[in-house]
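Enquirer: sequence and predicted structure, then a few things I'm wondering about:
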Amino acid sequence: MSSMKSRRTIALAVARKDVSIELNSRILTNQVAPFAAIVMVMFAFALDNEGILQRVAPGLMWLATLFSMLIVVQRSFTVESADGALDALRVAGVDTGAIFVGKSLALMVQLFVLEILLLATAVVLYGVEMTAVGLLEAFVTMVVATAGLGCVGTLYGGLAAGAKGRETLLPLLLLPVVAPVLIGATRATEAAFGSGGTAVSEGWPWIGLLAVFAVIFAVAGTVAFGPLVDE
Amino acid sequence: MTPNSGTGTSATRRLGVLVIVLAIALALFGLRFSAEDVVQGSTVRIMYVHVPSIWTAYIAFILTAICSGVYLSRRQRSLAWDRVAGASAEIGVLFVAVSLVTGSLWGRLTWGTYWVWDARLTSTAFLFITYVGYLAVRRLDGTHRQRARRSSVMALLAILEIPLVHFSVNLWRSLHQDASVADPNAKVKLDGLMLFSLFLGLVTFTLLFVWLVLHRQRTMLLEDSFADRGLDVAIAERRNEAGAQ
Amino acid sequence: MDSVIELNDVVAVLGQFPALAGANLRVSRGEIVLLQGPNGAGKTSILRVCAGLLPIERGSGRVLGIDLVTQRDEVRSRVGLLGHSNGLYLDLTVEQNIRFWASMVNATEEEIVRAMSLMRIDGRLSSVKTARLSAGQRRRCALASLIVRRAEIWLLDEPHAGLDAQGRDELDSVLRHAVSAGATIVLASHEMERASALATRVVTVDGGGVQ
Amino acid sequence: MDHAAFILGSWIGTGIAVIAYAVWVLRRGRALSKHASTEEKPWT
């Protein structure tokens, strides 16, 4: 009988596997990141005003993150279903909660890289200026928001993976759920950027909201992921 | 109506007649007998359909969550719970849509605009989209049990998600009190007859909801058992394949 | 009789199609059972039901004494299924794939090395992405990951497909070795000659049932 | 009056939506139960 390792070991192995896949295939750096960057440029075309761009930079940055996230989540489950690997994991009786945690961690790492890039783009293209405390706050916001996004993305991505007609379902299910993250992360980043004269200190309560979101969906995902991906 | 036709029984027929009578009474009280509001004037008459429809939607989604929870928690999982959950959610979506439309008509009269980024409106819109998503999940292909398990989990996730969205939208709006439009939450002062009309509306819509759920849930049972019956035929055909070779 | 697999009148559905329309099967410990029959007869579905992957719609079944209807999850960790797809991550190298599967169970370094050399995917092949492998090489890779997982029951769907003559011989000796070590094997194959030489019993599947 | 149009519009709109849905459910139930046996209709 094949004895299963602890949840933690399995989750870390799954996360390491997903990161290795990204390192081998470079989809994030070669396709998703350029997409996110071009979205930021397109926003500049659409708004066509440097003052406004500076003011709304945080919102645009997080919108670009959410759109890119849809692609990354789908990619994360395409690699599972391409050769029946998720099926194989389930047949092997691997704990679905551990798979959820592992895939969420890997998704968080990828999203975080993407957000660093988007933050840099905002600074360069939109002329955002930050204090040292603001930079720290932006960093904390990204960490906490990414934790929530990674969990929700994996949870709903698992449901939307596989059978036909499900890919188009992902945005419909995912975007309403991440509304609190968009609101919270945008406000916190506004405080960090000082957009519209907001003080840095105004951002911390929003980070609290993001933390609550992350915790709720981390717990819910660990429980609900199994029944959702199971056939 | 001939007996035993369709999804009706004598009980639902009596309930249906009651709902029709109540609806007529509601129209009379709401549109004719009740007075106009001091502040809002005649526009308050929209309230008698608007408030009961959002009320019904909340009841519907609560029922969906309860039935989904019961479905998942029972050892012997009965699809009947899942069908009631699905019927209830479908009707809930209908009533949220109704309340969004009547609400924006009301808003056009009182605030001069169809939509304001008020916390209640915004989170109601999210409620609507969330349950449209739930219904889409119900339509994914698979067996009845797969559908039931997936959609029950989705319904419980929605229960987690909705307060969170509501809370964050509230927080978002509390920082942006816009003085340019009238306060969307301005209290309507209700006199006795207006209160009665509103109460009548709530009762009528709730009974209407019960009637709709009963019928819809039975149609779903028929849909399910027809799919199963198709399976019996298919099984017989499948067995014959062996002899034909 | 020590039955490790027991299917009673099992109906299993793919969408609305009854892939199994009342299948009965009994397999004892240590057997190598060959399922044979035309394409679309239900061989794959029988294997997937036994693996706990395809739910039983009607009827009942037990694997290793565990109920397939109520305790599907517990069945899963004790069987190994090699389906039409290999369950590999195409963007990972051969060695990364095997090591990933090894990390799912307590496989030792020695077991990993042995499984890879047994399936001849060590050496130069080990650092190639599985997306670039031939069908036969991928098959060997999937079998190696199955060996690493140490399943009690091996469910193999067309295991010989895509393998060259040498690969087939090696596969047969791997299977015999697994059985002598206590495993039970059910395989579906078109390679009648080879497979029936290997099998201890041949079962004909047709029309979603066992004839 | 403008107000009357909005008020009646919301009442009639609500009525049409609910009635259309109810009719759809009833007709579908009627059509399906025509071919259903009594065992398939536990409420009868």
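Expert: Right, received. Where do you want to start?
Enquirer: CA only for contacts and neighbour counts going forward, please
Expert: Fine.
Enquirer: the helix or strand bottoming out on mean pLDDT in chain A and chain C, are they touching?
Expert: Least confident element among the helices and strands of chain A, by mean pLDDT, DSSP states H and E: helix A:85-91 (a mean of 85). Yes. Where contact is defined by CA under 8 Å from any CA of the partner chain, part of helix A:85-91 touches chain C, namely A:85-88, A:90-91.
Enquirer: contacts for that helix next, please.
Expert: Outside helix A:85-91, the residues within contact range by CA atoms under 8 Å, 6 or more residues apart in numbering or on different chains are A:79-81, A:96, C:51-53, C:76-77, C:79-81, C:86-89.
Enquirer: mind telling me the two of those residues farthest from one another?
Expert: Checked with CA to CA, the contacts of helix A:85-91 reach their widest spread between A:79 and C:79, with 23.4 Å between them.
Enquirer: so what's the closest residue to chain D within chain A up against?
Expert: Across chain A, no residue is closer to chain D than residue A:172, which sits at 23.8 Å (CA to the nearest CA). In this structure, residue A:172 makes contact with B:129, B:133, judged by CA under 8 Å, 6+ apart.
Enquirer: which of the helices or strands spans it?
Expert: Assigned by DSSP states H and E, residue A:172 falls within helix A:169-177.
Enquirer: hmm, whichever helix or strand comes after that helix touching chain B?
Expert: Sequence order places helix A:179-193 as the next helix or strand after helix A:169-177, per DSSP H and E. Yes. Judged by CA under 8 Å from any CA, helix A:179-193 comes into contact with chain B through A:179-180, A:183-184.
Enquirer: pLDDT below threshold where in the chain?
Expert: Since no chain was named, I'll use chain A. Where chain A drops to pLDDT under 70, the residues are A:1-5, A:162-165, A:231.
Enquirer: actually chain C
Expert: Low-confidence segments of chain C, defined by pLDDT under 70: C:1.
Enquirer: name the residue most distant from the centre of it?
Expert: Relative to the average C-alpha location in chain C, and by CA atoms, centre = their mean, no residue lies farther out than residue C:124, which sits at 26.6 Å.
Enquirer: give me the most central residue, chain B.
Expert: The geometric centre of chain B, computed from its C-alpha atoms, lies nearest to residue B:92 (CA atoms, centre = their mean), at 1.1 Å.
Enquirer: that one belongs to a helix, doesn't it?
Expert: Yes. The assignment for residue B:92, made by DSSP: H, G, I helix; E, B strand; the rest coil, places it in a helix.
Enquirer: tell me the pLDDT of it.
Expert: Here, the pLDDT recorded for residue B:92 equals 97.
Enquirer: how about it: what's its closest non-neighbour residue?
Expert: Nearest residue to residue B:92, sequence neighbours excluded (CA to CA, 6 or more residues apart in numbering or on different chains): residue B:57, at 4.3 Å.
Enquirer: got it, and residue C:176?
Expert: residue C:198 (8.0 Å).
Enquirer: quick check: that neighbour touching residue C:160?
Expert: No. Between residue C:198 and residue C:160 there is no contact under CA atoms under 8 Å: 11.9 Å.
Enquirer: who are the packing partners of the helix or strand where residue B:89 lies?
Expert: When elements are assigned from DSSP H and E, residue B:89 belongs to helix B:79-110. Contacts of helix B:79-110 with other secondary structure elements, assessed using 3 or more CA pairs under 8 Å, 6 or more residues apart in numbering or on different chains; DSSP states H and E, are made with helix B:47-73, helix B:119-138, helix B:144-174, helix B:192-244, helix D:2-33.
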